[in-house]
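A.B. asks: Okay, predicted coordinates and the sequence, questions at the end:
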Amino acid sequence: MTRFMRRLAAFAALVTTLALPAIGASAQTIADIEGKGKVTIGVLTGIPPYDTVDSSGNTDGFLADLAREVAKSLGVELELVPVNNASRAAALESGRVDMLIAQMTATPERAKLFLMTNPYGAYEMRFVAAKDMKLTTLDDLKSKRVSVPKGGTQDVAVSGYGIEGLEVVRFDDDATAMQALISGQVDATAAVATVANDVIAKRDLTNIEVKSELPIFTLYWSMAVRKDATQLHQWLNNFIYYYEVTGNLDKLHEKWVGVPTPGGKLPTF
């Protein structure tokens, strides 16, 4: 090959390289996180017993501990960023956090926006009512008033039962829906079982209980990363798998919530 031809081939290769999209240039890799020496994780707050505040006023609890384990396994420092239901997606989209451990269910809609991991936890939605109220079948809800947070997953579920005389009473959030039961405005409420049990214990509500004989549904929580973070997504799936099979995930859940992860073995997808 002549010198001219070699130069021409080299020039063609350079043009081809420059023309290719910069795949991975903005991707969030393990090396990116190791390079900055820390991982920034958004965790959901305001949902006891899953979260609490320590003596110094810092976020603590199940999600915070799980975030610490992620950072430890990555070999970097942890920066915790408290988020709520309204702010968590924006925090990830904007790059304010590297990932979310914020009790997000991997819905098809969310999967369009983020990469959702295999579930790391679950919750059971149950009815809560007076101990002397029979509630073992859906027929027992006839002509009853049931409180739900407006637009929540339990609103959708209970409203879809189509039971004669059932009145669904909507409130702004889970806390006010629960308070409606406590104050006698409704006959029952639909709530996350562990959260309801925490409220019952802390407020010594000896007259109400979680009705375990009539489950509403079980949903699962996934971690979330940005769409380009494919390597980090796969690493997190591996982390969740390993943390579950070693029994550490159940131990952590039991430490903060009082029971192992609901629903048995976590599903994968």
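C.D. replies: The structure has been received and is ready for your questions. Numbering: from 1, shown residues only.

A.B. asks: if I pick Phe127, what's in contact with it?
C.D. replies: 135, 146, 188-190, 210-211, 214, 216 (Cβ atoms under 8 Å, 6 or more residues apart in numbering). All C-beta spots, glycine's among them, are computed from the backbone N, C-alpha and C.

A.B. asks: Dump those residues to JSON lines, plus distance to Ala71 and pLDDT.
C.D. replies: As requested, the contacts of Phe127 are arranged in JSON lines below (distance: Cβ to Cβ, whole Å; pLDDT from 0 to 100):
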{"residue": "Leu135", "distance to Ala71": "43", "pLDDT": "96"}
{"residue": "Val146", "distance to Ala71": "41", "pLDDT": "98"}
{"residue": "Ala188", "distance to Ala71": "41", "pLDDT": "98"}
{"residue": "Thr189", "distance to Ala71": "37", "pLDDT": "97"}
{"residue": "Ala190", "distance to Ala71": "35", "pLDDT": "96"}
{"residue": "Val210", "distance to Ala71": "34", "pLDDT": "97"}
{"residue": "Lys211", "distance to Ala71": "39", "pLDDT": "97"}
{"residue": "Leu214", "distance to Ala71": "40", "pLDDT": "93"}
{"residue": "Ile216", "distance to Ala71": "35", "pLDDT": "94"}
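
A.B. asks: Phi and psi next, for the spatially most central residue of the chain.
C.D. replies: Central residue check for the chain by Cα atoms, centre = their mean: the C-alpha nearest the mean position is that of Gln103, 1.3 Å away. Main-chain dihedrals, Gln103, degrees, to the nearest 10: phi 50, psi 50.

A.B. asks: just checking, it touches Ile47?
C.D. replies: Yes: contact criterion Cβ atoms under 8 Å: Gln103 and Ile47 qualify, at 7.0 Å.

A.B. asks: OK, contacts around the nearest residue to Lys227 once chain neighbours are set aside?
C.D. replies: In space, and not counting its chain neighbours, Lys227 is closest to Leu115: 6.0 Å by Cβ to Cβ, 6 or more residues apart in numbering. By Cβ under 8 Å, 6+ apart, the contact list for Leu115 reads 224-227, 229-230, 233.

A.B. asks: Roughly how far does Leu115 sit from Arg226?
C.D. replies: Distance check for Leu115 against Arg226: by Cβ to Cβ, to the nearest Å, it reads 7 Å.

A.B. asks: List the contacts of the closest residue to Asp250 other than its chain neighbours.
C.D. replies: Closest residue in space to Asp250, ignoring its immediate chain neighbours: Pro260 at 4.1 Å, by Cβ to Cβ, 6+ apart. When contacts are counted by Cβ under 8 Å, 6+ apart, Pro260 is found next to 250, 253-254.

A.B. asks: circling back: return the subset of the contacts of Phe127 lying in strands.
C.D. replies: Here DSSP state E is the test, and the contacts of Phe127 give 146, 188-190, 210-211, 214, 216 as lying in strands.

A.B. asks: which of these sit farthest apart?
C.D. replies: Distances among these were taken as Cβ to Cβ; the most separated pair is Val146 and Val210, at 14.1 Å.
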